[in-house]
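**Student:** I would like the atomic coordinates for the input below:
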Amino acid sequence: MPIPYPAKAVANYFLNKNRDLTQMKLHKLVYYAHGWHLGFMGQPLLDETLEAWTYGPVVPSVYSEFWRCGSSPIRRLATAFDWETMAEYSPEVDPSDRIVRDLLARVWEVYGDYTAAELSNLTHAENSPWTATRKANPGVKRAGIPNKLLRSHFEERIGGGPVDG
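**Tutor:** Modelled structure (predicted):
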């Protein structure tokens, strides 16, 4: 599977690490994976746009998959349907894609022990893309967070800045 990946494949990477993740934490992990990929590689990791919802960054397809879980732990992988084979499957990041898998492993290493609330505080920081998008779109419930904004934000952090936002 070439880049960009379906967001559900990236979500499944993290769900395979821990089946006690809540939606809130999962969305933040996918957000950081996408942001750091943009910062390091200059191209999107995900095949969809992250959105700045009221309570933080959200990946629409991941939300649609797991909304019924509410704030409870997610106990299964995300699925997709292959119309060619007429079968359901669990999308995954290509096992041979060492660059992406190494980046995801590093995101897990850095952010995996944070609670969902702690990650939310980071993504809500004053200088974060989520905050900038919310401020630029008052009253809009689901504003897209531009990849250009994410890329710029994470590129700045590569130079030694804090890992918030």
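
**Student:** from here on, contacts and neighbour counts on C-alpha atoms
**Tutor:** Will do.

**Student:** quick one: low-confidence parts of this structure?
**Tutor:** 1-2, 160-165 (pLDDT under 70).

**Student:** what's the distance between the spatially most central residue of the chain and residue 23?
**Tutor:** Computing the C-alpha centroid of the chain and ranking residues by CA atoms, centre = their mean puts residue 30 first, at 1.7 Å. According to CA to CA, to the nearest Å, residue 30 stands 10 Å off from residue 23.

**Student:** ranges for the helices of this protein?
**Tutor:** 7-17, 23-41, 60-66, 98-111, 116-123, 129-136, 147-158 (DSSP state H).

**Student:** ok, residue 46 touching residue 32?
**Tutor:** No - when contacts are counted by CA atoms under 8 Å, residue 46 is not listed as touching residue 32 (11.3 Å).

**Student:** Dump the helices of the chain into JSON lines; add distance to residue 84 as well.
**Tutor:** Formatted as JSON lines, these follow (distance: least, CA to CA, whole Å):
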{"stretch": "helix 7-17", "distance to residue 84": "19"}
{"stretch": "helix 23-41", "distance to residue 84": "28"}
{"stretch": "helix 60-66", "distance to residue 84": "20"}
{"stretch": "helix 98-111", "distance to residue 84": "27"}
{"stretch": "helix 116-123", "distance to residue 84": "37"}
{"stretch": "helix 129-136", "distance to residue 84": "37"}
{"stretch": "helix 147-158", "distance to residue 84": "31"}
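
**Student:** Buried deepest among those, which one?
**Tutor:** Neighbour counts (mean count of other CA atoms under 10 Å) averaged over each of the helices of the chain peak at helix 23-41, with a mean of 24.

**Student:** now for that one, which elements pack on it?
**Tutor:** helix 7-17, strand 56-58, helix 60-66, helix 98-111, helix 116-123, helix 147-158 (3 or more CA pairs under 8 Å, 6 or more residues apart in numbering; DSSP states H and E).

**Student:** Export those as a markdown table, with columns for distance to residue 37.
**Tutor:** As requested, those are exported to a markdown table (distance: least, CA to CA, whole Å):
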| stretch | distance to residue 37 |
| --- | --- |
| helix 7-17 | 12 |
| strand 56-58 | 16 |
| helix 60-66 | 18 |
| helix 98-111 | 7 |
| helix 116-123 | 16 |
| helix 147-158 | 8 |
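
**Student:** So which bits of stretch 137-150 are buried?
**Tutor:** Neighbour counts using 16 or more other CA atoms under 10 Å place 142-145, 147, 149-150 of stretch 137-150 among the buried residues.

**Student:** show me the contacts for residue 74.
**Tutor:** Shown in contact with residue 74 (CA atoms under 8 Å, 6 or more residues apart in numbering): 15, 19-23, 66.
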